[in-house]
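1. following is a predicted model, sequence given first.
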Amino acid sequence: MNMEIELKKSDGDRNEDQKSPLITVGVSTFNRKTYLRESLKSLENQTFRDFEIIVADDGSTDGTQEMIQMEFPEVRYFYQENQGDAAAKNKVADHARGRYLVFNDSDDLFLPDALERLYAPLANDPDGCSYGQYITIDSTGERLPTKSKMKVFPNGNILPDLILHIIVHNCGTLMPLELFRQTGGYDVSLQCGHDYKLALELAAGTGFHAIEKPVFLRRRHSTNLSSTNYEKMSLILKILNEFLEKYPDVRGKYGAAIRKRFAALHGKLAREAKKELLPRTTVRRHLKAALHEAFSLKSLYRYLTSFL
C-alpha cells in the first residue's frame, strides 16, 4: 500500500492566487532525524529567501514527522512507505511549486549563500542549470580533506567532462522544474547512481553554469549511499552504456573521453573485485576490457600478474 501524508497545508495550498516561490528545495530522508534537523536549519539561514522547502520522508520511524511538526512548521512534509531515495526525490518534484528545483540531502548542509549563488547565473539563462561542489565533513561536522580531480569546473556543454568525472551531484544542482519532469526525473529502479543518470540526461539537452566556490557541506558517514564497492561501480558502467545507446551520436563526438572513462572504470572494477575476493576471472575480465578501451603499460602489467 502506498500511503502519502502531507503534514501541513501551507497558505499556497489554500490560496491559488498566492505567488509561487522561485525555488523549491527538496530534502529526501529516511531515519536521519538528527542530521535532517541540521540540514533544515542550514536552509533556514539562506541569504536568498524566495523558496519553499519540501521534505519527502521515505518511511522514517525515528520521529522525523513529529520533529518537523514541532520545529519546522513552515516545511511542506510528505510521507511515503519506503520506496528508495529516487522515489522520494520524485515525490518532491510532484508537489513542487517553484520554477526551479534543487535538492539538499538530509545529511548534508547548504552554505548560507548557496541558493543566492546557484540562482545568479540563471537570472540571464532561465532554461539552464547551475551546479556547485562541496566541502567534505565527517559525522560530527568536522571538516575532512576534499578530494577532487578537477580544479576548474566547466561551463556550457559539460557532457564530455561529465562522462569522465561525476561533477554534478544530487545536492547543489539547480535546474528548471519542468526540465526535470521532461527527463522523467530520477530512475526509481536504481538504488544509487540515479543522480548521475539524471545529470547525463540534463547535460545532453542544456547548458550548465559552474559555481566557483563550494555550495554545500557533504557529510561522510557509515550509511552514505555513495560509498564505493564493486556493485555500485558496475552500476555506473551500466548507466553510461545505456546513455550511449540512447544517444549514439555522443560516442562519435566524444569517443576519446568515453574510451578513457571506460578504461578507468574497468580498472577500478578490477581493484574492487580483487578487494572483495571475487573470482580471478572477474578481475582479468575487467583488466582485459581496460586494455581494450585504452592501452597502458600499467593495465598490461596488472593483467599479466593476475595470472600469477
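-> The structure has been received and is ready for your questions. Residues are numbered from 1 along each chain as shown.

2. what sits up against the longest helix seen in the chain?
-> If you go by DSSP state H, the chain has its longest helix at helix 255-275. The contact list for helix 255-275 (Cβ atoms under 8 Å, 6 or more residues apart in numbering) reads 160, 163-164, 228-230, 233-234, 236-237, 240, 244, 250-251, 279, 282-284, 286-287, 289-291, 293-294, 296, 299, 302. (C-beta placed from N, C-alpha, C; glycine too.)

3. what do you get if the cut-off is 6 Å, keeping everything else the same?
-> For helix 255-275, the surrounding residues in contact (Cβ atoms under 6 Å, 6 or more residues apart in numbering) are 160, 163-164, 230, 233, 237, 251, 282-283, 286-287, 289-290, 293-294.

4. just those now: which is nearest residue 77?
-> Among the contacts of helix 255-275, residue 233 lies closest to residue 77 (Cβ to Cβ), at 34.9 Å.

5. who's the residue lying closest to residue 96 once chain neighbours are set aside bridged to?
-> Closest residue to residue 96 apart from its sequence neighbours, by Cβ to Cβ, 6 or more residues apart in numbering: residue 24 at 3.7 Å. Residue 24 has these beta-bridge partners by DSSP bridges: residue 52, residue 101.

6. partners of the residue lying closest to residue 129 once chain neighbours are set aside in the sheet?
-> Spatial nearest neighbour of residue 129, chain neighbours left out: residue 175 (4.5 Å); criterion: Cβ to Cβ, 6+ apart. Beta bridges link residue 175 to residue 101, judged by DSSP bridges.

7. residue 193 and residue 160: what is the separation?
-> Separation of residue 193 from residue 160 (Cβ to Cβ, to the nearest Å): 19 Å.

8. out of these two, which sits in the busier spot?
-> When residue 193 and residue 160 are compared for neighbours, residue 193 comes out ahead with 23 against 16, by other Cβ atoms under 10 Å.

9. which residues touch the more buried one?
-> Neighbour list for residue 193: 235, 236, 239 [criterion: Cβ under 6 Å, 6+ apart].

10. could I get those as JSON lines with pLDDT?
-> Below are the contacts of residue 193 laid out as JSON lines (pLDDT from 0 to 100):
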{"residue": "235", "pLDDT": "95"}
{"residue": "236", "pLDDT": "95"}
{"residue": "239", "pLDDT": "97"}
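
11. in CSV: those, plus distance to residue 150 and secondary structure.
-> Output for those, formatted as CSV (distance: Cβ to Cβ, whole Å; DSSP: H, G, I helix; E, B strand; the rest coil):
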residue, distance to residue 150, secondary structure
235, 22, helix
236, 17, helix
239, 20, helix
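
12. let me know the closest of those residues to residue 200.
-> Distance to residue 200, by Cβ to Cβ, is smallest for residue 239 among the contacts of residue 193, at 7.3 Å.

13. circling back: contact partners for the residue nearest to residue 96?
-> 52, 96, 98, 101.

14. most neighbours, which of those?
-> Most surrounded of the contacts of residue 24: other Cβ under 10 Å gives residue 101, at 25 neighbours.
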